[in-house]
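Asker: pasting the sequence and the predicted coordinates here, then a few questions.
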Amino acid sequence: MRVEIWSDIACPWCYVGKARFEKALDAFPHRDGVEVVHRSFELDPGRAKSDIQPVLKMLTKKYGMSEAQAQAGEDNLGAQAAAEGLDYRTRDRDHGNTFDMHRLLHFAKEQGRQDELIQALYQANFAEERSVFGDDERLVELAAGVGLDADAARKVLADPGAYADDVRADEREAAELGANGVPFFVLDRKYGVSGAQPAEVFAQALTQAWGEHSPLKLIDNGDAEACGPDGCAVPQA
């Protein structure tokens, strides 16, 4: 069974939602039969790479709230993250364009390190002091830290076209699926779960989707000729 997760590194609920989903997945009896794939979604796709600003300033401008309201929201997110065992800096974080991070995640997927990289990016953005925005070498360090080749990661970031089509394809597919916010979880293309739901909701979704996921049923009377690893059946006179 495949679970696809549309998310953005700048999305705090994606950070929290991933932890809740993984709690349910770790307890799922068929865990080894579940493939998880991360898909790209940008919350602020029109933002220039050089346009980096404090989170509180972004929140007040985007949602028309006061700075006190924005800070209260950050404090609440910090509490929600802590409940999942996650570190979360409620002060002095910044916000910026995440397109290059998504490109790098597609590269990591090819190398079998996508989940490790997305977790490192979340940790760096939400829990560490050094910014992940506007600094390619910061992203290279994070990529190397999860086992990716630093020079290869640097090459990806230096080429604006590398994996750009993959990112845009994910975003188009999200729109086609009706995902206008993240996190958005799609289970076997049959069920969708929107938002950072409690682990119990994810557990129920996994169980329900698995119940409808079954191997191909063969119609076979056992005597038809076929080719296999040992060769092809030889017709008998």
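Answerer: Looks like it came in fine.
Asker: Met65 and Ala196, how far apart?
Answerer: As defined by C-beta to C-beta, to the nearest Å, Met65 lies at a distance of 20 Å from Ala196. C-beta: built from backbone N, CA, C; applies to glycine.
Asker: okay, these two: which has more neighbours?
Answerer: Here Met65 and Ala196 are compared on neighbour count by other C-beta atoms under 10 Å; more neighbours surround Ala196, at 24 against 15.
Asker: give me the element the more buried one is part of.
Answerer: Using DSSP states H and E, Ala196 sits in no helix or strand.
Asker: with adjacent residues omitted, what lies nearest to it?
Answerer: Distances taken as C-beta to C-beta, 6 or more residues apart in numbering put Gly17 closest to Ala196, at 3.3 Å, once the chain neighbours are dropped.
Asker: and for Leu187?
Answerer: Excluding its sequence neighbours, the residue lying closest to Leu187 (C-beta to C-beta, 6+ apart) is Ala209, at 3.9 Å.
Asker: what sits against the one you found?
Answerer: With contacts taken as C-beta atoms under 8 Å, 6 or more residues apart in numbering, Ala209 has the following neighbours: Met1, Leu187, Asp188, Lys190, Tyr191.
Asker: returning to what we had before: report the contact partners of the residue nearest to Ala196.
Answerer: With contact set as C-beta under 8 Å, 6+ apart, Gly17 has these partners: Ser7, Pro183, Phe185, Gly195, Ala196, Gln197.
Asker: swap in 7 Å and give it another go.
Answerer: Taking C-beta atoms under 7 Å, 6 or more residues apart in numbering as the definition of contact, the neighbours of Gly17 are Pro183, Gly195, Ala196.
Asker: out of these, which comes closest to Leu59?
Answerer: Of all the contacts of Gly17, Leu59 sits closest to Ala196, with 17.6 Å by C-beta to C-beta.
Asker: that closest one reaches Cys11, doesn't it?
Answerer: No - under the criterion of C-beta atoms under 7 Å, Ala196 is not in contact with Cys11, lying 9.3 Å apart.
Asker: what's stretch 30-40 in contact with?
Answerer: Residues from elsewhere that reach stretch 30-40 (C-beta under 7 Å, 6+ apart): 1-7, 25, 28, 102, 105, 114-115, 118, 167, 170-171, 174, 210.
Asker: these in helices, which ones?
Answerer: Cross-referencing the contacts of stretch 30-40 with the helices (criterion: DSSP state H) gives Leu25, His102, Leu105, Gln114, Asp115, Ile118, Val167, Asp170, Glu171, Ala174, Trp210 as the overlap.
Asker: confidence score at the residue nearest the centre of the chain?
Answerer: Against the mean C-alpha coordinate of the chain, by C-alpha atoms, centre = their mean, the closest residue is His38 at 3.6 Å. Each residue has a pLDDT score; the one for His38 is 98.
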